[in-house]
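> Kindly generate the corresponding structure for this input.
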Amino acid sequence: MDPDYSAQDIARCDLCKVAIVQSYCDFCHVNLCKPCIGEHISDDYSKHTIVPFQQRRSTPIYPKCETHPNKTCKFQCKDCNILLCSYCLASKQHNKDHELSKLEEIFNQKKDQIQKDREELKLQLLPAYEDIATELENKIASLDVDYNKLTTELSKHREELHREIDIAINQREREIDENKVNHLSILKKHLEEIKQLQSLMQETIHSLNEKEDSNEVTLALKTKSSAILNTIKTGLEKLGSVTCLNEEEIWTSGRTAGDIKFFNTEGVLQKTIKTKSGEYPVDIVVYSDGALVYSDWKKRTGYKLKNDQTEEIIRLQGWRPSQLCVTSSGDLLVTMITRTNTFKNPEDLTLVSDAPTQERINCADTNQEWI
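Got it, this is the predicted structure:
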């Protein structure tokens, strides 16, 4: 045959290497032409299973019986969870009242489930993660351009402002560079996690392909279905915070709008809450009783929301609330930030509780206070 068309060559007999294959041994997994069948089965006719080539790998290969090595097991005892051959069933050693299952039926059910798992991974989960990976790669590719625009705009302002404003702009440039590094690190970490999941899915698909092509009953019995992953589309341009009280309630907030969204585990939006200032919340947490707390940077206030009623629980003077944490005792920790004339960022931590007093801790070596 022309070597240019070798990829299209039809299957040949594995024994003579010349004749076109017509049959297949489902026990030995060997292609056979008609003249070579006799030679192939001459060693032991009973163990070979010759089928038309188009029906190859259709005959289950049953496991050998541990008690009767010359017999194969075609049944499984549901009560004892052991494999049985016909001799086992006929003997008095096994309880006649036990419920039996045919291995052929179990084998076919497992084959169907393997095919469903492979198709689900290949057609649903893998494409979804490929889209996520592409989106992350595009963001990384455009990251330099976006941040260069910010730096250029700030440079133009520098030329028009006085010395003090110039210092502030330089500080802002450093913050942008730090944000860029942090942003890039987060995106790359996310991309790496996605690619690792993609690799695991590819390995699983490869393994399922091998199991689907195999007619080994024991291999099929050991197969377990894949876990189903769920991705929730929040609709937030930049996801900032995620918190939950239990597995049924998920609260999210972004970095571009004053929306706090509540989802169930199916990813269905239950409600959307607007912050008092209309700006995005710096952080959100949930109390053990289900009450939601968020820090409003613009209004210098912390709010508590329960049963659709909003309560102001902390208001700061000269400080702005930042990160939040609910302690095991039910108290609320609030990080407070301010800027000095030299644009440093001393931070305080306030402990808010039902008690009439609050606790403040001052860290002298870092110019910080903890309340």
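
> ok, how many other residues are close to the nearest residue to Glu99 once chain neighbours are set aside?
Distance criterion CB to CB, 6 or more residues apart in numbering; nearest residue to Glu99, sequence neighbours excluded, is Lys78 at 4.5 Å. In this view, the C-beta of every residue, glycine as well, is placed from N, C-alpha and C. Using other CB atoms under 10 Å, Lys78 has 11 neighbouring residues.

> can I assume Lys78 is in contact with Asp97?
No: Lys78 is beyond contact range of Asp97, at 11.5 Å (criterion: CB atoms under 8 Å).

> So which elements touch the longest helix belonging to the chain?
Secondary structure of the chain per DSSP state H: the longest helix is helix 163-213. For helix 163-213, the packing partners by 3 or more CB pairs under 8 Å, 6 or more residues apart in numbering; DSSP states H and E come out as helix 103-120, helix 126-160.

> ok, 10 Å please
For helix 163-213, the elements it packs on are helix 103-120, helix 126-160, helix 217-221, judged by 3 or more CB pairs under 10 Å, 6 or more residues apart in numbering; DSSP states H and E.

> could you dump the last one to PDB, C-alpha only?
Which is helix 217-221. Extracted as PDB, the C-alpha positions of helix 217-221 are listed here (Å, rounded to 0.1, in the frame of the first residue of the first chain):
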ATOM      1  CA  VAL A 217     -15.800  -7.100  34.800                       C
ATOM      2  CA  THR A 218     -13.600  -6.600  37.800                       C
ATOM      3  CA  LEU A 219     -12.300  -3.300  36.400                       C
ATOM      4  CA  ALA A 220     -15.800  -2.100  35.800                       C
ATOM      5  CA  LEU A 221     -16.900  -3.100  39.300                       C
END
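
> Please point out which parts of it sit buried.
Residues Val217, Ala220 are the ones in helix 217-221 that count as buried (16 or more other CB atoms under 10 Å).

> next SSE after that helix?
Next along the chain after helix 217-221, taking DSSP states H and E as the criterion, comes strand 239-243.

> And for that next one, what's in contact with it?
Applying CB atoms under 10 Å, 6 or more residues apart in numbering, the set of residues contacting strand 239-243 from outside is 232, 234, 249-256, 260, 263, 280-286, 292-295, 323-324, 326.

> Please compute how far stretch 282-297 lies from its chain's middle.
26 Å (CA atoms, centre = their mean, to the nearest Å).

> Span of it from start to end?
6 Å (CA to CA, to the nearest Å).

> Check stretch 36-53 too.
Using CA to CA, the distance between the terminal residues of stretch 36-53 is 14 Å.

> in the sheet, who's paired with the nearest residue to Ile10 once chain neighbours are set aside?
Leaving aside its sequence neighbours, Ile10 sits nearest to Ile20 (CB to CB, 6+ apart; 5.9 Å). Using DSSP bridges, the bridge partners assigned to Ile20 are Arg12.
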